[in-house]
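Asks: Structure, please.
(one chain, ligands or ions: 1)
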Amino acid sequence: MQASFRYRRGPIRDHQGDVSAEVESLLTERLRTFFGDEAAIAPDGPEAPDAPAEGVVVTLALERPLFDEQLLRQMIEICATQRRPVTVEGAAGGTAPLSVTWAGGAEAAPFQLLWESQFEQNVQLEINRLKRLKIFLALVRRHPGMHRRPLAEILDFLASPEGTGFVLAYGEDVPLDRYAACPNCGNDVLTAVRPGNSQPRIGYLPRAARYYDHCGGCNLVFLNPVMPEGELHRLYDWYDKEGTTDVTAADFEPEAMRRVSYYQNFEMALDKVGDRLPADARTLDLGGGAGWFSVMAKRRFPGWQCSSVDFDCRHVEALLAERGVEARSMDILNAAHPRDSYDLVTMFEVVEHLRVERLKLIWAKVRDMLKPGGLFVFSTPDFDSDYARATDFWVAYVPHHVTVLSAPVLQPMWEAAGFEEVDRDARSLLFREGYGDFAYGARHHASMAARSEAAIMDGLLRLSDARRALYGLMEETRSGGEMIVTLRKIEDES
Ligand SMILES: [Zn+2]
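Replies: This is a model prediction of the structure:
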């Protein structure tokens, strides 16, 4: 079956620059492997050769170099015999062509091919996200010839312990630690937990891959195998900074800050603690990133003395200083902190990045930093939340989220360290206006049912009344995908 192939060009950049040429040659090699050396492929656009007078024209995407060769063959055959365009629904993420059309014929209604590979594989291979680009490039560089193998073989490799370990190591050449028992409670009855509909943002983890284990003894969900403690910093490189460019003064304008991911969680935290703290409260935001929370806190409570700490915040030091916030670069757990000196310590979306052995040390550290009666607010995705489960949100950040937590795991830790619970609430960032998660699901969820459910949710959330009603429900039932907990340091008896 002959067809003319072209691909839509889009610049693909990594930290070293444009890597389009490398991806282009991998795509071409894959195409020639399955469609013969004579298969002609050219970029779309002005320099593309003229379409044949008659015949099948296939347009591939440079962002989908690991196309499904069986799907493509079938689409070409249908197109050639039916002489009409062929569309496909249900193909595994990043494996379908952009279009298969018939040149020379009249415009005919498309043949609609339903393909169930996403139902079977539940995977995302498209390299339109930086993390997936990193994994793809590491995969073909460390396993030469991988891109010429049939898709089923590539997915079998990715589902094998070796392939899954490769993704969990973030494509780095690091031997992983494997747990035989739960690192929290020692129970050795572990079961695999997997997403049903959506896919981890990093992609490259098909349905059969095993990466999160659940301990029935304590409800901890943890990556297994996992990066060794000393190597965890490798997860935070250039590819981790999706969509963020250098932070500038404009990003701190109040309107711009409303677009920060966890803006609503920050607001909620300030609502909860504002009245409980003195007018000159000292606050410390651990893992504060660019310092968004501290700037919001300082704006709302100008008398507060706010500091923001992260591994490296030198790039925002001056910007934060101008806004009255002190930025400090340090390793939170290993640095010495003054005792009894803060009224408020916050930690948004940080605890899930720590291995549980380290997480257990956090509580006592924070307790020591707080003044008697001081407050600790943290937020983290909640494995027990219906919102987190319905959207597969809990699984989205493999391998950066080393654990997926819940109240049964955390409560004993904070209680043992001398905290009492003041408030526990929840919100879901996914339900924010314009977040786009349901639009993604409408295209990439594993089953036809789930794709349609996501399309309905996407439509509903565009209606402000429906969104408000959902937020009202979340507020009333204190539910949502991320729990936001406020704790108070219990005064020493002595
Ligand atoms: Zn356990």
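Asks: Spell out which parts of this protein neighbour the ion.
Replies: Those residues of the chain that sit near the ion, judged by Cβ under 5 Å from the ion, are 182, 184-185, 187, 215, 217-218, 220. Yep, even glycine has a C-beta here, placed from its N, CA and C like the rest.
Asks: where in the stretch 151-300 of the chain is pLDDT low?
Replies: For the stretch 151-300 of the chain, residues meeting the criterion pLDDT under 70 lie at 243-245.
Asks: And the strands in it?
Replies: Along the stretch 151-300 of the chain, counting by DSSP state E, counting those that start in this stretch, strands occupy 190-193, 212-215, 221-223, 282-286.
Asks: looking at those strands, which is buried most?
Replies: Neighbour counts (mean count of other Cβ atoms under 10 Å) averaged over each of the strands of the stretch 151-300 of the chain peak at strand 282-286, with a mean of 25.
Asks: how far out from the middle of the chain is stretch 67-78?
Replies: 30 Å (Cα atoms, centre = their mean, to the nearest Å).
Asks: Can you name the residue of the stretch 251-400 of the chain nearest the ion?
Replies: Of all residues in the stretch 251-400 of the chain, V356 sits closest to the ion, at 8.7 Å by Cβ to the ion.
Asks: now swap in the stretch 301-450 of the chain and tell me
Replies: For the stretch 301-450 of the chain, the residue closest to the ion is V409, as judged by Cβ to the ion, at 7.7 Å.
Asks: And that residue, how close does it get to H214?
Replies: For V409, the distance to H214 (Cβ to Cβ, to the nearest Å) stands at 11 Å.
Asks: Mind listing the shared neighbours of these two?
Replies: Taking Cβ atoms under 8 Å, 6 or more residues apart in numbering as the contact criterion, the common neighbours of V409 and H214 are L220.
Asks: what pairs with the longest strand along the chain, and is each one parallel or antiparallel?
Replies: Among all segments of the chain classified by DSSP state E, the strand with the greatest residue count is strand 370-381. In the sheet containing strand 370-381, the strands it pairs with under DSSP bridges are strand 342-348 (parallel), strand 482-489 (antiparallel).
Asks: P372: which of these is closest?
Replies: Ranking the strands paired with strand 370-381 by their distance to P372 (criterion: Cβ to Cβ) puts strand 482-489 first, at 6.3 Å.
Asks: so how far is that closest one off the chain centroid?
Replies: From the chain centre to the centre of strand 482-489 is a distance of 23 Å (Cα atoms, centre = their mean).
Asks: got it, and stretch 254-261?
Replies: Relative to its parent chain, stretch 254-261 has a centroid offset of 20 Å by Cα atoms, centre = their mean.
Asks: quick revisit: burial count for the residue of the stretch 301-450 of the chain closest to the ion?
Replies: The number of residues packed near V409 is 23, by other Cβ atoms under 10 Å.
Asks: Would you list the phi and psi of it?
Replies: Its backbone dihedrals place V409 at phi -80, psi -40, with angles given as degrees, to the nearest 10.
Asks: now the helices: where do they sit in the stretch 51-200 of the chain?
Replies: Shown for the stretch 51-200 of the chain, the helices assigned by DSSP state H, counting those that start in this stretch span residues 69-82, 117-121, 130-142, 151-159, 161-168.
Asks: Export those to TSV and append columns for mean neighbour count.
Replies: What follows is these, written out as TSV (neighbours: other Cβ atoms under 10 Å):
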stretch	mean neighbour count
helix 69-82	18
helix 117-121	22
helix 130-142	20
helix 151-159	19
helix 161-168	19
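Asks: so which of those gets nearest M330?
Replies: Of all the helices of the stretch 51-200 of the chain, helix 130-142 sits nearest to M330, with 26.1 Å by Cβ to Cβ.
Asks: now that closest one against helix 161-168, angle please.
Replies: Comparing the axes of helix 130-142 and helix 161-168 via axes from the mean of the first three to the mean of the last three Cα atoms, to 10 degrees yields an angle of 130 degrees.
Asks: Helix 130-142 - contacts with which helices or strands?
Replies: strand 13-14, helix 161-168 (3 or more Cβ pairs under 8 Å, 6 or more residues apart in numbering; DSSP states H and E).
Asks: repeat that with 7 Å
Replies: Judged by 3 or more Cβ pairs under 7 Å, 6 or more residues apart in numbering; DSSP states H and E, helix 130-142 has no packing partners among the helices and strands.
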